[in-house]
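In: This is the structure alone, sequence omitted:
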Ligand SMILES: O=C(O)CCC(=O)N[C@@H](CCC(=O)O)C(=O)O
Ligand SMILES: [Zn+2]
């Protein structure tokens, strides 16, 4: 491995768009933007899939950033043979440098929008990342190749379930895929939340704009660089390494340990008077009793009406207009229907 990793160069401000070149083993590589790098096999027509792996969309979520750093360096060292086209993205580089979720605005609320002339740093970066993803998929030699986008995150607080995926609402006429859920299980992600609304996240954008199988994946909780030893990402590492090497598993069944939930409701925060009745740092997947007044917002109560509800991503600190969390319920019938 080289002395300085691509991540280290990125954090030092030393990556910018460059000319394409070939590694000694024939893999083509090009830096497309700060923290954005593409690898292609020497004969791209042989690749069976196109893969986007993003991380650091939130700058304090470092465990997946360290995983992606290792994947990139193993390609440079020829310990991973590139048989698929792969685009790696370190999302919010400025926030990664500061160790903060964002600088001006939460980038994962800024995808799937139209640009405006006074867009700030994170809005412009989100737009550029969407463009890189669009160009990457559309420049594939075969448009029918499977497209994947795994957007890797960690949760802000603790979680009763350490690893889980958010599956964006499919486009009209499309449905959630049991095969993709089974693939996530191979990657060590055995809990999947089915979204029920459109959203402004990176994974939603890649699915809706570019037809990629796209997921937001939560891998433990947010810690500074170098403090992620307790999060075991070996299955995710092995899964992504296999995809990079052109091995696409085709699991027939969703394993029995897989749990599926659906998002029942977003918890809207409309005013600065929003208050949770629970601790704002409550663990993800904590059960919520039916009838509980979960929050009060400008005098209006938000009451739990669902059976078996649980809370995800409680965050009373978000600005008014954003969600302060999600209420999920078991989607017991989902697997029976597919
Ligand atoms: O722990 C939290 O409160 C947030 C963790 C996180 O960044 N989650 C993503 C989920 C995106 C999605 O719903 O697909 C986010 O909030 O952007
Ligand atoms: Zn995140």
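Out: Nice, thanks for sending it over. The structure displayed is predicted, hence computed values, not measured ones. Ligands and ions are numbered 1, 2, ... in the order given.
In: Which secondary structure state does the residue nearest to the spatial centre of the chain sit in?
Out: In the chain, the residue lying closest to the centroid (CA atoms, centre = their mean) is residue 151, at 2.2 Å. Under the three-state scheme (DSSP: H, G, I helix; E, B strand; the rest coil), the conformation of residue 151 reads as strand.
In: wait, isn't it in contact with residue 54?
Out: Yes: at 4.8 Å, residue 151 counts as touching residue 54 under the criterion of CB atoms under 8 Å. All C-beta spots, glycine's among them, are computed from the backbone N, C-alpha and C.
In: what sits in contact with each of the two?
Out: Contact criterion CB atoms under 8 Å, 6 or more residues apart in numbering; residues bridging residue 151 and residue 54 by contacting each: residue 202.
In: ok so, going back, dump the residue contacts of the residue nearest to the centre of the chain.
Out: The contact partners of residue 151, taken as CB under 8 Å, 6+ apart, are 54, 55, 57, 201, 202, 203, 206, 214, 215, 216, 217.
In: So for the nearest residue to the first one once chain neighbours are set aside, what's the pLDDT?
Out: Residue nearest to residue 54 in three dimensions, not counting chain neighbours: residue 89, with 3.9 Å by CB to CB, 6 or more residues apart in numbering. For residue 89, the model assigns a pLDDT of 98.
In: The helix or strand hosting residue 89 pairs with which strands, parallel or anti?
Out: Residue 89 belongs to strand 85-90 when elements are defined using DSSP states H and E. Based on DSSP bridges, the pairing partners of strand 85-90 within the sheet are strand 36-40 (antiparallel), strand 50-55 (parallel).
In: So which other helices or strands are in contact with the top helix by length along the chain?
Out: Among the elements of type helix in the chain, defined by DSSP state H, the one spanning the most residues is helix 121-138. Contacting helix 121-138 under the criterion 3 or more CB pairs under 8 Å, 6 or more residues apart in numbering; DSSP states H and E are the following elements: strand 28-33, strand 36-40, strand 50-55, strand 85-90, helix 202-210.
In: Need the contact partners of the third one.
Out: Residues outside strand 50-55 that contact it (CB under 8 Å, 6+ apart) are 61, 64-65, 67-68, 71, 84-91, 129, 133, 136-137, 140, 145-153, 202, 206, 212, 240, 243-244.
In: Point out the residues in the protein that sit beside ligand 2.
Out: Proximity of the chain to ligand 2 (CB under 5 Å from the ion) is limited to residues 58, 61, 153.
In: If we only consider those, which is nearest to residue 266?
Out: Proximity of those to residue 266 (CB to CB) peaks at residue 153, which lies at 17.4 Å.
In: Isn't the closest one up against residue 61?
Out: Yes: here residue 153 reaches residue 61: they are 5.2 Å apart, a contact under CB under 8 Å.
In: who touches residue 184 in this structure?
Out: Taking CB under 8 Å, 6+ apart as the definition, contacts of residue 184 comprise 165, 190, 192, 215, 217.
In: In three-state terms, label it for me.
Out: Under three-state DSSP, residue 184 comes out as helix.
In: swap in residue 264?
Out: strand.
In: how many other residues sit next to it?
Out: Counted by other CB atoms under 10 Å, the residues lying close to residue 264 total 18.
In: do the same with residue 144
Out: Using other CB under 10 Å, the number of residues around residue 144 comes to 6.
In: what does the protein put close to ligand 1?
Out: Remark: the part of the chain in contact with ligand 1 comprises 58, 108, 153, 155, 156, 157, 166, 201, 203, 216, 313, 315, using CB under 6 Å from any ligand atom.
In: what about the second one, which SS state?
Out: I take that to be residue 108. Going by three-state DSSP, the secondary structure assigned to residue 108 is helix.
In: quick one: it and residue 233, what's the gap?
Out: When CB to CB, to the nearest Å is the yardstick, residue 108 and residue 233 sit 20 Å from each other.
In: Against residue 13, how distant is whatever residue of the stretch 151-300 of the chain ends up closest to ligand 2?
Out: The nearest approach of the stretch 151-300 of the chain to ligand 2 comes at residue 153, 3.3 Å away (CB to the ion). According to CB to CB, residue 153 and residue 13 sit 24 Å apart.
In: Equivalent analysis for residue 298, please.
Out: When CB to CB is the yardstick, residue 298 and residue 13 sit 43 Å from each other.
In: Can you mark which positions in stretch 289-308 are buried?
Out: By neighbour count, and taking 16 or more other CB atoms under 10 Å as the criterion, the buried residues in stretch 289-308 are 292, 294, 295, 297, 302, 304.
In: My error: substitute stretch 314-329 in the last question.
Out: For stretch 314-329, the neighbour count (16+ other CB under 10 Å) marks 314, 315, 316, 318, 322, 323, 324, 325, 326, 327, 328, 329 as buried.
In: Mind listing the residues bridging to the last one?
Out: With beta bridges defined as DSSP bridges, residue 329 has these partners: residue 262.
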